[in-house]
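*Asks:* Structure, please.
(one chain, ligands or ions: 1)
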Amino acid sequence: MLLDKFKDECGIFGIKPHPEAANMAYLGLYALQHRGQEAAGVVSESDGVLTCSKGQGLVSDVFTREKLQRLRGDSAIGHVRYSTAGSNRIENAQPILITCQHGQIAVAHNGNLVNAMEMRRKLEKIGSIFNTDSDSEVLLHLIAKSKQETLEDAIIEALNQVEGAYSCVFHTKDKLIAVRDPRGFRPLMLGTLGESTVFASETCAFDLLDAQFQRELEPGEMVVVNRRGMRRSMKPFEEKPIRQCIFEHIYFARPDGFMFGEHTQRYREQLGAKLAEENPLEADYVIPVPDSGVSAALGYARASGIPFAFGLIRNHYVGRTFIEPKQSIRHFGVKIKLNPVRHLFEGKRVVLVDDSLVRGTTSRKIVKMVRNCGATEVHMRISAPPTTHPCYYGIDTPTRGELIASSHSIDEIRKYIEADSLEYISIQGMLDCLNNSSPESYCKACFTGDYVIPFPHQAGASV
Ligand code: SF4
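*Replies:* Numbers count the residues shown, from 1 in each chain. Presented below is the predicted three-dimensional model:
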């Protein structure tokens, strides 16, 4: 991942019943690794007892064969995390497992609860003690406190008290419960593997396991899988306007998947084609900023008739941290990840295609790098509209002040990144590319500032 992007959120997984449940969860998380690289965890259930194993790092680093063998039983949930709410410490890794009056319960959560801080303060006032600063723990406290007779009802009662984005899989001593919030901000897929029910954030997890994708959970739907593997679906929440995250299509989701009724790769290519149609241009090559700009660049090249070329080569083996030399190397951070194919730029007019421009710092370095190779014209095209507002629904974004498009015109940004021209796809263009889903069913708040759920700052504090 390059430096100047919105950050992926979290990935969740669940399976029941399956003789190798923990191994399946491990593989499912492996396929979902792009959704979070800071921590990974699995909870499995054997004879009514839940066992948790988690750690910081990539899935393949966290789990050894021995650790997986200790996760016995025929049922498991898993989580990969990028810290959206809550800092990056091991206590915040998920699934979170607690024991309360209802017995053991574990949760793997994707999303952000907008009123988590407020709920937490209320709970602390009446004596609740928190182990993490993750908003998912607030959910577990609300469940633990519930006077409802069944755990299922306690979960429904807790979820009725929170506002925001949640796709969750819960594990109780005998059930797997998957739920998607009524607005459906984050995805959650249902699949089957023989007799087993499988849940995952994205369909790519099913592909790796040879599981069959059945359908997406509907916004506000709860699916319960009991000890014998029987599945029950219900809609226990008040209906609300649907607001699926359009940025999942543009950037977060893997391109090889299907989500919110759309094929991700096809949608991204259509964004690129629309971008070419909205802002025609003459150039020698269309060059993607890898990896995120590749699909849109393909669509741009096809629609414009300008040849596509891999002019920037990404080093796929860069770890999350690297040691910078003491003597400064210009643009080291970008150069360690991307290297230009020099002869493609010498004396050429190029169009660079990327899927977003957040602070502008990386784009500026890439434009400079390309010019240094002898490009005569460098045009930047972005397959998302300008990101003017932060996200409060489960994506890690800079503050509004750090988003360059919140305070600068497109021409000012063009000057800053030192490109010959800069164009973004329009909001209407982005919506026109949807094939099967309705534009109204999407959240676009980071482009419009039109937040469907008010967040605490809107109640008085500054953004
Ligand atoms: Fe997605 Fe943007 Fe809405 Fe956040 S604000 S949910 S990133 S569309």
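
*Asks:* C-alpha only now, for contacts and for neighbours.
*Replies:* Noted.

*Asks:* can you list the residues of this structure near the ligand?
*Replies:* Phe185, Cys245, Ile246, Phe247, Cys391, Tyr393, Ile395, Cys443, Lys444, Ala445, Cys446 (Cα under 6 Å from any ligand atom).

*Asks:* Return the subset of the residues you listed lying in helices.
*Replies:* Judged by DSSP state H, the residues of the chain next to the ligand include Ile246, Phe247, Ala445, Cys446 as members of helices.

*Asks:* Make JSON lines out of the residues you listed and add pLDDT.
*Replies:* Shown next, in JSON lines, are those (pLDDT from 0 to 100):
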{"residue": "Ile246", "pLDDT": "96"}
{"residue": "Phe247", "pLDDT": "94"}
{"residue": "Ala445", "pLDDT": "96"}
{"residue": "Cys446", "pLDDT": "94"}
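
*Asks:* would you turn those residues into JSON lines with neighbour count?
*Replies:* JSON lines is the format used below for these (neighbours: other Cα atoms under 10 Å):
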{"residue": "Ile246", "neighbour count": "23"}
{"residue": "Phe247", "neighbour count": "19"}
{"residue": "Ala445", "neighbour count": "20"}
{"residue": "Cys446", "neighbour count": "22"}
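
*Asks:* Where in this protein is the helix or strand with the lowest mean pLDDT?
*Replies:* helix 332-335 (a mean of 78; mean pLDDT, DSSP states H and E).

*Asks:* packing partners for the next helix or strand along the chain from that one?
*Replies:* Once the chain leaves helix 332-335, the next helix or strand it forms, by DSSP states H and E, is strand 338-340. When contacts are defined as 3 or more Cα pairs under 8 Å, 6 or more residues apart in numbering; DSSP states H and E, strand 338-340 sits against strand 312-314.

*Asks:* list the helices and strands the strand it packs on packs on?
*Replies:* Counting contacts by 3+ Cα pairs under 8 Å, 6+ apart, strand 312-314 packs against strand 338-340.

*Asks:* Go again with 10 Å.
*Replies:* Using 3 or more Cα pairs under 10 Å, 6 or more residues apart in numbering; DSSP states H and E, the elements in contact with strand 312-314 are strand 285-288, strand 338-340, helix 361-372.

*Asks:* show me what contacts the residue lying closest to Leu123 once chain neighbours are set aside?
*Replies:* In space, and not counting its chain neighbours, Leu123 is closest to His141: 7.8 Å by Cα to Cα, 6 or more residues apart in numbering. His141 makes contact with Ile98, Cys100, Met119, Arg120, Leu123, Ser128, Ile129, Phe130, Ala158, according to Cα atoms under 10 Å, 6 or more residues apart in numbering.

*Asks:* so the second one touches Thr172, yeah?
*Replies:* No - in this structure Cys100 lies outside contact range of Thr172 using Cα atoms under 10 Å: 11.1 Å.

*Asks:* Need phi/psi at Glu152.
*Replies:* phi -60, psi -50 (degrees, to the nearest 10).

*Asks:* so it makes contact with Asp174?
*Replies:* No - if you go by Cα under 10 Å, Glu152 and Asp174 don't touch, sitting 11.3 Å apart.

*Asks:* helix/strand/coil for the residue nearest to Leu123?
*Replies:* Following DSSP: H, G, I helix; E, B strand; the rest coil, His141 is assigned to helix.

*Asks:* what about it, distance to Arg302?
*Replies:* Distance of His141 to Arg302, computed by Cα to Cα, to the nearest Å: 53 Å.

*Asks:* next one: Gly103
*Replies:* From Gly103 across to Arg302, the span is 57 Å (Cα to Cα).

*Asks:* Over to Glu149?
*Replies:* Plainly put, Glu149 is 59 Å away from Arg302 if you go by Cα to Cα.

*Asks:* Centre of the chain to whichever strand or helix holds Ala22, how far?
*Replies:* Using DSSP H and E, Ala22 sits in helix 21-31. Chain-centre distance of helix 21-31: 18 Å, with Cα atoms, centre = their mean, to the nearest Å.

*Asks:* Tell me, how many residues neighbour Thr387?
*Replies:* The local packing of Thr387 (other Cα atoms under 10 Å) involves 24 other residues.

*Asks:* can you tell me the helix or strand for it?
*Replies:* With elements taken from DSSP H and E, nothing contains Thr387; it lies in neither a helix nor a strand.

*Asks:* That one and Ile410 touch, don't they?
*Replies:* No - between Thr387 and Ile410 there is no contact under Cα under 10 Å: 11.3 Å.

*Asks:* what bits of the stretch 1-150 of the chain have low per-residue confidence?
*Replies:* Applying pLDDT under 70 to the stretch 1-150 of the chain flags the ranges 1-3, 8, 83-88.

*Asks:* Look up phi and psi at the closest residue to the ligand within the stretch 251-400 of the chain.
*Replies:* Nearest residue of the stretch 251-400 of the chain to the ligand (Cα to the nearest ligand atom) works out as Cys391 at 4.0 Å. Dihedral pair for Cys391: phi -100, psi 140, per degrees, to the nearest 10.
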